[in-house]
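[1] When you get a sec, could you give me coordinates for this:
(chains A and B)
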Protein chains: 2
Amino acid sequence: MTEPNTYEEEPWEKISELTKSKDPSELQIFLDDLPLGEAAHVFSHLKKEEVLEVFDMLGPELSADLIEQLPEIQVAGIMDGLSPDKAASIVDQMPSDSQADLLGDLSKEHTEAILEKMDEEEAEHARSLMEYEEHSAGGLMIKEYLSYPVNLKVNDVFEDLRENDEEYSDYDVQYTYITDLEGKLIGVLRLRDLILSKKNQSVENIIIHNPLSIGVQTPLDELVAFFDGHNFIGVPVVDENQKLVGVVRRSAVEEASEEFATEQFLKVSGVVGGEELRSMPVGIRSYRRLSWLSVNIILNIVAASIIAFYQDTLEAVIVLAVFLPIISDMSGCSGNQAVAVSIRELTMNLVKPYEFMRVLLKELSVGLINGLVLGLLLGTVCFIWKGNVYLGLVVGGALALNTIVAVCIGGTIPLVLKRFGFDPALASGPILTTVTDMCGFLMVLGFANAFLSKLV
Amino acid sequence: MTEPNTYEEEPWEKISELTKSKDPSELQIFLDDLPLGEAAHVFSHLKKEEVLEVFDMLGPELSADLIEQLPEIQVAGIMDGLSPDKAASIVDQMPSDSQADLLGDLSKEHTEAILEKMDEEEAEHARSLMEYEEHSAGGLMIKEYLSYPVNLKVNDVFEDLRENDEEYSDYDVQYTYITDLEGKLIGVLRLRDLILSKKNQSVENIIIHNPLSIGVQTPLDELVAFFDGHNFIGVPVVDENQKLVGVVRRSAVEEASEEFATEQFLKVSGVVGGEELRSMPVGIRSYRRLSWLSVNIILNIVAASIIAFYQDTLEAVIVLAVFLPIISDMSGCSGNQAVAVSIRELTMNLVKPYEFMRVLLKELSVGLINGLVLGLLLGTVCFIWKGNVYLGLVVGGALALNTIVAVCIGGTIPLVLKRFGFDPALASGPILTTVTDMCGFLMVLGFANAFLSKLV
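    Next up, the predicted model:
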């Protein structure tokens, strides 16, 4: 009964076994046979030592292939555990934009150590890409593109394509870029035009002159707009001297947009300081979550101190204690909707950070309607429960007014934060809830205090 | 002084003027000169009638170009206002996957009316794409690809490329797909191989046989995994009989991922029933937001009713009313972090909906640490303020325990919802906060009740 039952064996158990048997080819076959998209899940079940052993067995090229299948954040954890030598041999096998992405996720020292062990030319490419803002044209571009000087003939290009067939097999050869002798971009040569031309034709006669290009500093939102407006697979990138320095592919821009949207989703939910995977050590997970929670608990204590000031009022009308958390939570909900709409409109470039008044007026109208409806609802519940119309008015009125406050603050705070260089996704939530909590508590208890004789 | 000051004129004012002057060519020049990414912002400032007038002036082809630059959700609003005739003439100019996307965003009746006015072949393509799940291979594929039967010679393909140069100019011709005479996919022909082959060579001899392909029902997460694992620009899509039906491009998959991430971000923030733009009518915006808020207020009232049951305890120890909103809010924060991590891990396929226990154990360890830290913090604040160690223990202990409850529920509820076919991004938040509110109120007030003699 020592034979394992293969029907019940999980794939990570099998991999763990295969690494022990030291048979790279069987391991490779097993990994290749994993169903589409399963690699990430399987690797999330392996212990760190097992993962490192897998990469030791596979060799650089197969390791690089495997790494391309795993999510970026998972890869960063793996690379951290590899020796610089081993890591460098794997990174050498990857395209330049993936290299820069991956190295950018590691610590500075580890990155430097890996770069030093890398192939010199590859390391230089990676270094030059890492100098740019991650989500700019420079950070997203690839170095693997074809460019030729303008003084060639059609046949010269054909010869080069034929000779370097192997090296170019991962390149997009549909478009090649034509530069003058100083490296300045002057045209695009379409493969289709190359095919349809005579061999002794000069390249200059068949290129498209003055092609569209983008500057190396172009930010992500403009890149998105560019590809929305142009049905291109890629666009050439030029430096401040109009020299061709890279190509940004449409798919890289769309991948970066996805990353950005995911980041926003995680940040508004309080996952900050980097993405969290459950396979990370519990210390890191706790620490990151606490860094957010500890700010929040302090803001919460500050907001709740309002209640302490009105202790006497609350003691006189104890039923209000039931409504305080409702008003706090509902104002937060209303405000967060407005925050999300503003963050989205800022991302889509539909609203500019300076358009404060425009957003305020738009939110005010929604706030009036929603405040009225929610206030009426809660006020009625309160009246039916306690039979005191003044109590209903205090509770309902406070929620109505605080809803208006919440949507106005929620709608505008992302604009203000963005304008002053802060991250709206990160800071809007805590600021919003603190202000609306204070304001809400103040209204309920202040109104109650004013009408105290009618409530008791 | 009737001359407008052009230095201060906003671009939407200029457009509004140009539509009045009925000069399409000037309007076109002005729109072309707008800086990259500005069209969306400018159009968000125009009144609906003005937008419709712009499209009336531009004609179908230029309208289609303009529409490609605007965000999908903005376009849906515009199309709704156009006559079916006008809308059909614009949609006719778009690629098939954009057609299906756009029509899918409109009401059924309007879509049907537009399809009837469209070019017959275009309409048929759009209809066939709309039959598939939006985020599956079928919903994402394009019909604009090149395929040839296997019995051709190299020269025949060249001839076809040359003859249809104009029509194919928007196609990706780097790869052409080769089918047998029944339309089944049997190979891929790379343009580079075509170029390097003799003209009288048979196509069959230079194709890559048994190319990778995907089924028409393949869901988005598998498509993402496919492109992660393969450095392809596109992949052919086959139906259940292995017949070639379309091509899914990498960029379409990445765009769909971005949409999905954005949808999740909006849903967890309570923006449901479709994306909201502030340019939409206030009635729709209020109604959509209220549909979410009204569910939440009822859940809130249910949760807060716990407090009503303990009114006497609360009256005896009124200071607890200060801590109830803090415990409610902090438990929500801790739980939402766990929700976000789970939703993210589900999307990345790092965790499966059935791995309940695995997630529970992982969250438990974080919950223990964070609960201890937060509980200690709040308990100490309470003790320092009131000088009663039992009060500190009740408040701190309740927060500590409720943090553990919150992260355990937050981590697992998305898995449970997904497993039973619900949308985790939509339902996790309200369920989480209701349960943790009830649980938190019950703990604070229950503990206080048990130690009542020590607290007063």
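
[2] is it true that residue A:397 touches residue A:379?
    Yes - contact status for residue A:397 versus residue A:379: in contact at 7.1 Å, counting by CB atoms under 8 Å. C-beta: built from backbone N, CA, C; applies to glycine.

[3] Packing partners of the strand or helix carrying residue A:129?
    Per DSSP states H and E: residue A:129 is located in helix A:120-130. Applying 3 or more CB pairs under 8 Å, 6 or more residues apart in numbering or on different chains; DSSP states H and E, one finds that helix A:120-130 contacts helix A:96-104, helix A:108-117, helix A:137-140.

[4] Just the buried positions in whichever helix or strand comes after the last one, please.
    I take that to be helix A:137-140. Where DSSP H and E defines the elements, the next helix or strand beyond helix A:137-140 is strand A:147-149. Going by neighbour count (16 or more other CB atoms under 10 Å in any protein chain shown), the buried part of strand A:147-149 is residue A:148.

[5] returning to what we had before: which one of residue A:397 and residue A:379 has more residues nearby?
    Taking other CB atoms under 10 Å in any protein chain shown, residue A:397 and residue A:379 do not tie; residue A:379 has more neighbours (22 against 17).

[6] Which pLDDT value belongs to the more buried one?
    For residue A:379, the model assigns a pLDDT of 97.

[7] right, and it touches residue A:393 too?
    Yes - Residue A:379 is in contact with residue A:393 according to CB under 8 Å; the separation is 6.4 Å.

[8] what ranges do the strands span in the stretch 151-300 of chain A?
    Along the stretch 151-300 of chain A, counting by DSSP state E, counting those that start in this stretch, strands occupy A:175-179, A:185-190, A:208-209, A:214-215, A:234-238, A:244-249.

[9] worst-scoring helix or strand of chain A, pLDDT-wise?
    When the helices and strands of chain A are scored by mean pLDDT, DSSP states H and E, helix A:191-195 comes last with a mean of 79.

[10] Pull the number of nearby residues for residue A:22.
    Using other CB under 10 Å: residue A:22 sits among 11 other residues.

[11] OK, contacts around it?
    Going by CB atoms under 8 Å, 6 or more residues apart in numbering or on different chains, residue A:22 touches residue A:57.

[12] Tell me how far it lies from residue B:167.
    57 Å (CB to CB, to the nearest Å).

[13] ok, and for stretch A:150-157, which residues are buried?
    Quick answer for stretch A:150-157 (16+ other CB under 10 Å): A:150, A:152, A:153, A:154, A:157.

[14] Take those and write them to JSON lines, including pLDDT and distance to chain B.
    Compiled in JSON lines, the buried residues of stretch A:150-157 are given as follows (pLDDT from 0 to 100; distance: CB to the nearest CB, whole Å):
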{"residue": "A:150", "pLDDT": "92", "distance to chain B": "21"}
{"residue": "A:152", "pLDDT": "92", "distance to chain B": "16"}
{"residue": "A:153", "pLDDT": "91", "distance to chain B": "16"}
{"residue": "A:154", "pLDDT": "89", "distance to chain B": "11"}
{"residue": "A:157", "pLDDT": "89", "distance to chain B": "11"}
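
[15] So of the residues you listed, which two are at opposite extremes in space?
    Largest separation among the buried residues of stretch A:150-157 by CB to CB: A:150 and A:154, giving 12.5 Å.

[16] what sits in contact with each of these two?
    residue A:203.

[17] related to what we said a few turns ago, residues making contact with the helix holding residue A:129?
    So helix A:120-130 is contacted by A:91-92, A:96-97, A:99-100, A:103-104, A:111, A:115-116, A:118, A:138-139, A:141, A:143, A:246 (CB under 8 Å, 6+ apart).

[18] From those, keep the buried residues only.
    Neighbour counting by 16+ other CB under 10 Å classes A:91-92, A:96-97, A:99-100, A:103, A:111, A:115, A:118, A:138-139, A:141, A:143, A:246 among the contacts of helix A:120-130 as buried.

[19] nearest to chain B, of those?
    Using CB to the nearest CB, residue A:97 is the member of the buried ones among the contacts of helix A:120-130 that lies nearest chain B, at 11.8 Å.

[20] residues in contact with the closest one?
    So residue A:97 contacts A:129, A:140, A:141, A:142, A:252 (CB under 8 Å, 6+ apart).

[21] And these, which two are furthest apart?
    Greatest spatial distance among the contacts of residue A:97 (CB to CB): A:129 and A:252, at 11.5 Å.

[22] Now do the shared contacts for the two.
    Here residue A:129 and residue A:252 share the contacting residues A:97, A:141, scored by CB under 8 Å, 6+ apart.
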